[in-house]
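Undergrad: need a 3D model of the sequence below.
(chains A, B, C and D)
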Protein chains: 2
Amino acid sequence: MTDRSIIIIFMSPRSTKQFEEIRENSRAKILDAAFELFARQGFHATSINQIAQQAGVAKGLIYNYFEKKEDLMHAIVLDGLQKSAEVMGTIQQAQPGKDRLRAMLEFTFRFLSEHAEYNRLMAALALQIQAFPELADIVTGKYNAMVPMLEEELTIAGHPYPERHAWMLAAILDGLGVQTAVLGNSLQLERLKQELIEEYCT
Amino acid sequence: MTDRSIIIIFMSPRSTKQFEEIRENSRAKILDAAFELFARQGFHATSINQIAQQAGVAKGLIYNYFEKKEDLMHAIVLDGLQKSAEVMGTIQQAQPGKDRLRAMLEFTFRFLSEHAEYNRLMAALALQIQAFPELADIVTGKYNAMVPMLEEELTIAGHPYPERHAWMLAAILDGLGVQTAVLGNSLQLERLKQELIEEYCT
DNA sequence: ATTATGATTGACCGGTCGGTCATAGTTACG
DNA sequence: CGTAACTATGACCGACCGGTCAATCATAAT
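TA: As a prediction, this is how the structure comes out:
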C-alpha cells in the first residue's frame, strides 16, 4: 500500500486544494442556475438541459456533482435552511420578548424582499412536499416549530393573547410569502412591516 | 340551404339533448381527473396519459373537449372561481359588518377543510401564475379585491384599525391555505376559526 | 339491414426528457 | 514530452411527452 499523500504531491497535476476550488466553483454555478430556474418555473417545468445552459456548463457535468435532478432541489433547500438557521442563531442573542420579536420580523421582511425567489421556491415546495419525501420531515418540522417559538416571545413581551396571536402571526408571515410571490413588489412590504412592529412590538 | 333542424330531427341517431348529456358527462369525468391530479402532483408533473387513465377514457378523447393541456387548467380554475363567486354573492346578503365578516370566515374555513385540494391547486397556480398568462389578470384581480373588501367590513364593524387589520386578515387566510396544504388536517381549523371570530367578530 | 351522426379509440408522430459514458481537455510533475 | 489525475464535454439512449387522426363503435330513424 503506497502512501497516498506522496502520490498526490508528486503525481497529481493540481493540488488537492486547487481541485476543491474548481469543484466548489462548478457546483455553485450549477446550484445557482438550478435555483433560479426552479424558483421561476418550478421543479418539473425546468429541464436539466436548461440548467446546464444557464450555468454555462455541459449537461453531463451536472451528473458529476449530483446523482439525480431531485438532488439539486435537496441541496438548494438544505443550503437555504442552514443559512436561515444561522441567522436565527444570531437573533437568539437579542433580548427575549419585544426586541427579539422585532429582530425576527425585521429578518423575515428583509428576507421576503431580498430573497423573494427563495421564498417562492419554498412555498412551491411546501405545496408539493410529498413529491420530495426526503425533505418532508425537515420542512414540516420547521413549520411546526414556528408557532411555539412565537408564542414564547409574545408571552415574554406581555401580549394579552399570546397563544391566539402566535398562530395568527405565523399565518400572516406565510401569507405574505404567498402574496409577494403573486403580487411581486406591488406589496408595500416596508409599510406592512412597520405596522406589524407597531402592533406586536410596542 | 336545407333546414338544419329538420335534418337533425330526422337523421340524427340521438337527440341533441342526448348528445349534450354525453358530452357533459365525458367532459366532467376528464375535468375531475385532471383536477385531482393537478392538485396532488402539480400541472407539469401530470401527463395527459395519466389524466386519461384516471378518467377512464382514451387520450384522444381529451382533445375532443380541450385544445391543449393548458385549457384543462383554465377550465378548472374558472369553474372554481365562478362557484366561489356565487357563494360570495349569497354572503353579500348578510348584514354588513360583523355578521358578514363572520359569514366570510365561516365560508373560508369550510372551504379550507372541505376543498383542501382546490385550495392547494390555487396556491400552486398563484406561485406560477406567469406560466398561465390568460389567468394572471383574473387571479391577481381577486387578490387585490380582497383587502379593500375586508377593510370595509372591519370599518363597519367598528374595528379600531381597519386598514392595518384588513391586510393582516387577508394574509392570515392565505397563510392558512399554505399551512393546511403542508400540515394537512393536523391543523385544528375549527379552533382557529373560533379564535378568529372571537378576535374580529365580537 | 342500412344509413347518418357524432362520440370514442389507440397506434402513431416528432420532440424532449432525465440520465449515461466514451472521449477530450487541462495541468504539473518526472 | 509523456503520463497521471482529474474536470468537462456532448452525442447518444430508451422512455415518455403533448398532440393527431384514420378507423371503430353506438345509436335510432328509415
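
Undergrad: every contact and neighbour count from this point should use C-alpha atoms.
TA: Fine.

Undergrad: the strands in chain A, which residues?
TA: With strands called from DSSP state E, chain A shows none.

Undergrad: my guess is residue A:72 contacts residue A:34, does it?
TA: Yes: with contact defined as C-alpha atoms under 8 Å, residue A:72 counts as touching residue A:34 (7.0 Å).

Undergrad: more neighbours, the two?
TA: Legend: neighbour count by other C-alpha atoms under 10 Å in any protein chain shown for residue A:72 and residue A:34, higher for residue A:34 (26 against 19).

Undergrad: mind listing the helices for chain A?
TA: A:4-11, A:16-41, A:48-55, A:59-65, A:69-91, A:98-114, A:116-127, A:133-156, A:162-183, A:189-200 (DSSP state H).

Undergrad: identify whichever of those lies nearest to residue B:174.
TA: helix A:162-183 (4.6 Å; C-alpha to C-alpha).

Undergrad: show residues contacting the closest one.
TA: Surrounding helix A:162-183, the residues in contact under the criterion C-alpha atoms under 8 Å, 6 or more residues apart in numbering or on different chains are A:108, A:112, A:116, A:119-120, A:123, A:146-148, A:150-152, A:154-155, A:187, B:123, B:126-127, B:129, B:140, B:168-176, B:178-179, B:195.

Undergrad: pull the distance from it to the chain's centre.
TA: 17 Å (C-alpha atoms, centre = their mean, to the nearest Å).

Undergrad: cool, stretch A:46-53 as well?
TA: Centroid separation for stretch A:46-53 versus its chain: 21 Å, with C-alpha atoms, centre = their mean.

Undergrad: what do you get for stretch A:64-82?
TA: Using C-alpha atoms, centre = their mean, the offset of stretch A:64-82 from its chain centre is 12 Å.

Undergrad: buried residues in it?
TA: Of all the residues in stretch A:64-82, those buried under the rule 16 or more other C-alpha atoms under 10 Å in any protein chain shown are A:65, A:69, A:72, A:73, A:76, A:77, A:81.

Undergrad: do the same with stretch A:22-41
TA: Per 16+ other C-alpha under 10 Å, stretch A:22-41 contains these buried residues: A:26-27, A:29-41.

Undergrad: near DNA strand C too, which of these?
TA: By C-alpha under 7 Å from any atom of the strand, no member of those lies near DNA strand C.

Undergrad: between all of those residues, which two are separated the most?
TA: By the measure C-alpha to C-alpha, A:26 and A:41 form the most distant pair in those, at 22.4 Å.

Undergrad: can you get me a residue count around the closest residue to residue A:195 other than its chain neighbours?
TA: Excluding the flanking residues, the one nearest residue A:195 by C-alpha to C-alpha, 6 or more residues apart in numbering or on different chains is residue B:164, at 6.8 Å. Using other C-alpha under 10 Å, residue B:164 has 16 neighbouring residues.

Undergrad: for residue A:178, see how far away the residue lying closest to residue A:39 once chain neighbours are set aside is.
TA: Excluding the flanking residues, the one nearest residue A:39 by C-alpha to C-alpha, 6+ apart is residue A:121, at 4.6 Å. Distance, residue A:121 to residue A:178, by C-alpha to C-alpha, to the nearest Å: 11 Å.

Undergrad: how many other residues sit next to the one residue in chain A that gets nearest to DNA strand D?
TA: DNA strand D sits closest to residue A:60 of chain A, with a gap of 2.9 Å, by C-alpha to the nearest atom of the strand. Applying other C-alpha under 10 Å, we find 11 residues neighbouring residue A:60.

Undergrad: how about residue A:170?
TA: 23.

Undergrad: from residue B:140, how far off is it?
TA: Distance from residue A:170 to residue B:140, by C-alpha to C-alpha: 23 Å.

Undergrad: now residue A:202
TA: Residue A:202 sits 33 Å away from residue B:140, going by C-alpha to C-alpha.

Undergrad: cool, and residue A:79?
TA: 31 Å.

Undergrad: now residue A:193
TA: Residue A:193 is 22 Å from residue B:140, by C-alpha to C-alpha.

Undergrad: go on, residue A:145?
TA: In terms of C-alpha to C-alpha, residue A:145 sits 31 Å off from residue B:140.

Undergrad: look at the two and report which has more neighbours.
TA: Legend: neighbour count by other C-alpha under 10 Å for residue A:145 and residue B:140, higher for residue B:140 (15 against 11).

Undergrad: list the contacts of that one.
TA: By C-alpha under 8 Å, 6+ apart, residue B:140 lies in contact with A:182, A:183.

Undergrad: for the spatially most central residue of chain A, which non-adjacent residue is closest in space?
TA: In chain A, the C-alpha nearest the mean C-alpha coordinate belongs to residue A:80, at 2.8 Å (C-alpha atoms, centre = their mean). What sits nearest to residue A:80 in space, not counting adjacent residues and going by C-alpha to C-alpha, 6+ apart, is residue A:118, at 7.8 Å.
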